[in-house]
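J.: below are the sequence and a predicted model for it; my questions follow.
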Amino acid sequence: MLLLMMVMTTVALRSPDIAGQWNGALNIQGTQLRLILHITSSSDGYTTTLDSPDQGAKGIPVTSMTFTDHVLKFQVVNLGIQYTGELKNNIITGTFNQGGGSFPMNLSREVIEKKVVVRAQEPASPYPDYSEEVKFENKNEKIVLAGTLTLPKKEEIFRQLF
(Lines give C-alpha, C1' and ligand atoms only; values in the text may rest on other atoms or scores of the structure.)
Protein backbone atom coordinates (compact mmCIF):
# COMPACT_ATOMS: atom_id res chain seq x y z
CA MET A 1 0.00 0.00 0.00
CA LEU A 2 2.84 2.39 0.87
CA LEU A 3 4.56 1.63 -2.42
CA LEU A 4 1.37 2.37 -4.36
CA MET A 5 0.98 5.74 -2.61
CA MET A 6 4.62 6.66 -3.38
CA VAL A 7 4.16 5.83 -7.06
CA MET A 8 0.94 7.85 -7.28
CA THR A 9 2.54 10.83 -5.54
CA THR A 10 5.51 10.72 -7.90
CA VAL A 11 3.21 10.63 -10.94
CA ALA A 12 1.13 13.53 -9.59
CA LEU A 13 4.20 15.67 -8.89
CA ARG A 14 5.82 14.94 -12.24
CA SER A 15 5.87 17.97 -14.49
CA PRO A 16 3.81 17.59 -17.69
CA ASP A 17 5.61 17.21 -20.99
CA ILE A 18 5.75 20.69 -22.52
CA ALA A 19 7.74 19.61 -25.61
CA GLY A 20 6.07 19.88 -29.00
CA GLN A 21 4.15 22.46 -30.99
CA TRP A 22 2.02 25.08 -29.24
CA ASN A 23 -0.29 27.35 -31.26
CA GLY A 24 -1.66 30.75 -30.32
CA ALA A 25 -3.18 33.83 -31.89
CA LEU A 26 -2.87 37.49 -31.02
CA ASN A 27 -5.77 39.81 -31.79
CA ILE A 28 -4.27 43.21 -32.53
CA GLN A 29 -6.49 46.04 -33.77
CA GLY A 30 -8.99 43.62 -35.27
CA THR A 31 -6.32 41.56 -37.00
CA GLN A 32 -5.41 37.98 -36.11
CA LEU A 33 -1.70 37.16 -35.89
CA ARG A 34 -0.96 33.46 -35.44
CA LEU A 35 2.15 32.33 -33.55
CA ILE A 36 3.60 28.83 -33.28
CA LEU A 37 6.02 27.88 -30.51
CA HIS A 38 8.21 24.80 -31.15
CA ILE A 39 9.66 23.36 -27.93
CA THR A 40 12.26 20.58 -28.02
CA SER A 41 13.35 18.92 -24.79
CA SER A 42 16.95 17.80 -24.24
CA SER A 43 19.18 16.84 -21.32
CA ASP A 44 20.33 20.49 -21.15
CA GLY A 45 16.79 21.89 -20.92
CA TYR A 46 14.71 23.21 -23.81
CA THR A 47 15.44 24.52 -27.29
CA THR A 48 12.66 26.71 -28.59
CA THR A 49 11.83 28.53 -31.82
CA LEU A 50 8.93 30.76 -32.78
CA ASP A 51 7.06 31.02 -36.09
CA SER A 52 4.76 33.81 -37.24
CA PRO A 53 3.16 32.31 -40.37
CA ASP A 54 1.04 35.38 -41.09
CA GLN A 55 4.24 37.44 -41.30
CA GLY A 56 6.21 34.76 -43.18
CA ALA A 57 8.67 34.31 -40.27
CA LYS A 58 9.90 30.83 -39.32
CA GLY A 59 12.47 29.47 -36.90
CA ILE A 60 12.96 32.63 -34.82
CA PRO A 61 15.30 31.55 -31.99
CA VAL A 62 13.81 32.05 -28.52
CA THR A 63 16.47 33.62 -26.28
CA SER A 64 15.32 31.97 -23.05
CA MET A 65 12.53 29.65 -21.97
CA THR A 66 11.62 28.15 -18.60
CA PHE A 67 8.84 25.86 -17.47
CA THR A 68 8.56 25.66 -13.68
CA ASP A 69 5.53 24.80 -11.55
CA HIS A 70 3.27 24.77 -14.64
CA VAL A 71 4.38 28.32 -15.59
CA LEU A 72 5.89 28.84 -19.03
CA LYS A 73 8.06 31.90 -19.63
CA PHE A 74 9.93 32.76 -22.79
CA GLN A 75 11.50 35.78 -24.39
CA VAL A 76 12.99 36.83 -27.70
CA VAL A 77 15.30 39.67 -26.65
CA ASN A 78 16.10 41.12 -30.10
CA LEU A 79 12.35 41.49 -30.86
CA GLY A 80 11.38 42.69 -27.38
CA ILE A 81 9.02 39.74 -26.88
CA GLN A 82 8.13 38.32 -23.47
CA TYR A 83 5.46 35.75 -22.65
CA THR A 84 4.25 34.30 -19.36
CA GLY A 85 1.50 31.70 -19.11
CA GLU A 86 0.20 28.98 -16.85
CA LEU A 87 -0.56 25.44 -18.05
CA LYS A 88 -3.97 24.10 -17.00
CA ASN A 89 -5.91 21.35 -18.77
CA ASN A 90 -3.47 21.30 -21.72
CA ILE A 91 -3.97 25.04 -22.41
CA ILE A 92 -1.41 27.70 -21.53
CA THR A 93 -3.25 30.88 -20.54
CA GLY A 94 -0.99 33.90 -20.58
CA THR A 95 0.08 37.33 -21.71
CA PHE A 96 2.25 38.30 -24.69
CA ASN A 97 4.24 41.52 -24.32
CA GLN A 98 6.05 43.41 -27.05
CA GLY A 99 6.95 47.05 -27.62
CA GLY A 100 5.07 48.32 -24.60
CA GLY A 101 1.88 46.47 -25.61
CA SER A 102 0.37 43.65 -23.57
CA PHE A 103 -1.99 41.16 -25.23
CA PRO A 104 -3.76 38.05 -23.94
CA MET A 105 -2.67 34.91 -25.78
CA ASN A 106 -3.49 31.30 -25.03
CA LEU A 107 -1.40 28.45 -26.40
CA SER A 108 -2.78 25.01 -27.19
CA ARG A 109 -1.83 21.94 -29.21
CA GLU A 110 -4.67 22.58 -31.68
CA VAL A 111 -3.75 24.16 -35.01
CA ILE A 112 -5.32 27.59 -35.46
CA GLU A 113 -6.68 28.33 -38.92
CA LYS A 114 -6.34 31.82 -40.36
CA LYS A 115 -9.58 33.78 -39.94
CA VAL A 116 -10.92 35.27 -43.15
CA VAL A 117 -11.58 38.98 -42.76
CA VAL A 118 -14.67 40.20 -44.60
CA ARG A 119 -14.13 43.74 -45.84
CA ALA A 120 -16.64 46.09 -47.41
CA GLN A 121 -14.24 46.87 -50.26
CA GLU A 122 -14.11 43.16 -51.14
CA PRO A 123 -17.80 42.21 -51.43
CA ALA A 124 -18.94 38.67 -52.12
CA SER A 125 -21.71 37.62 -54.47
CA PRO A 126 -24.62 37.87 -54.73
CA TYR A 127 -24.08 41.57 -55.11
CA PRO A 128 -26.85 44.08 -54.31
CA ASP A 129 -26.32 45.78 -57.66
CA TYR A 130 -27.31 45.00 -61.21
CA SER A 131 -24.39 43.98 -63.39
CA GLU A 132 -24.05 43.10 -67.02
CA GLU A 133 -21.15 42.07 -69.23
CA VAL A 134 -20.52 44.64 -71.98
CA LYS A 135 -18.29 44.68 -75.03
CA PHE A 136 -17.27 47.50 -77.39
CA GLU A 137 -15.72 46.55 -80.67
CA ASN A 138 -13.66 48.77 -83.00
CA LYS A 139 -13.88 46.84 -86.27
CA ASN A 140 -11.49 49.19 -88.13
CA GLU A 141 -8.67 48.67 -85.61
CA LYS A 142 -9.75 45.13 -84.64
CA ILE A 143 -9.83 46.04 -80.94
CA VAL A 144 -12.34 44.81 -78.37
CA LEU A 145 -12.86 46.46 -75.01
CA ALA A 146 -14.82 44.29 -72.57
CA GLY A 147 -15.83 44.57 -68.94
CA THR A 148 -18.57 44.41 -66.36
CA LEU A 149 -20.95 47.35 -65.99
CA THR A 150 -22.35 47.59 -62.47
CA LEU A 151 -25.33 49.82 -61.72
CA PRO A 152 -27.89 50.14 -58.93
CA LYS A 153 -30.78 47.69 -59.35
CA LYS A 154 -33.14 48.61 -62.19
CA GLU A 155 -36.24 48.68 -59.96
CA GLU A 156 -34.88 51.33 -57.61
CA ILE A 157 -35.63 55.06 -58.07
CA PHE A 158 -32.65 57.42 -57.90
CA ARG A 159 -32.33 61.18 -57.90
CA GLN A 160 -29.61 62.97 -59.67
CA LEU A 161 -27.60 64.95 -57.14
CA PHE A 162 -25.94 67.39 -59.56
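T.: Yep, that arrived.
J.: low-scoring pLDDT stretches of the chain, where are they?
T.: Across the chain, the ranges flagged by pLDDT under 70 are 1-15, 154-162.
J.: if you set the cut-off to 90 instead, what comes out?
T.: For the chain, the stretches with pLDDT under 90 are 1-17, 28-31, 42-46, 99, 114-132, 148-162.
J.: host element of residue 135?
T.: Per DSSP states H and E, residue 135 falls inside strand 130-138.
J.: list the buried residues of that strand.
T.: In terms of neighbour count (16 or more other Cβ atoms under 10 Å), strand 130-138 has no buried residues at all. To be clear about C-beta, it is placed using only N, CA and C from the backbone, and glycine gets the same treatment.
J.: go on, stretch 44-54?
T.: Neighbour-count burial for stretch 44-54 [16+ other Cβ under 10 Å]: 46, 48, 50, 51.
J.: of those, which belong to strands?
T.: Members of those lying in strands (criterion: DSSP state E): 46, 48, 50, 51.
J.: same list (these) but as JSON lines, adding distance to residue 125.
T.: Shown next, in JSON lines, are these (distance: Cβ to Cβ, whole Å):
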{"residue": "46", "distance to residue 125": "49"}
{"residue": "48", "distance to residue 125": "45"}
{"residue": "50", "distance to residue 125": "39"}
{"residue": "51", "distance to residue 125": "35"}
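J.: which one of those is nearest residue 31?
T.: residue 51 (17.3 Å; Cβ to Cβ).
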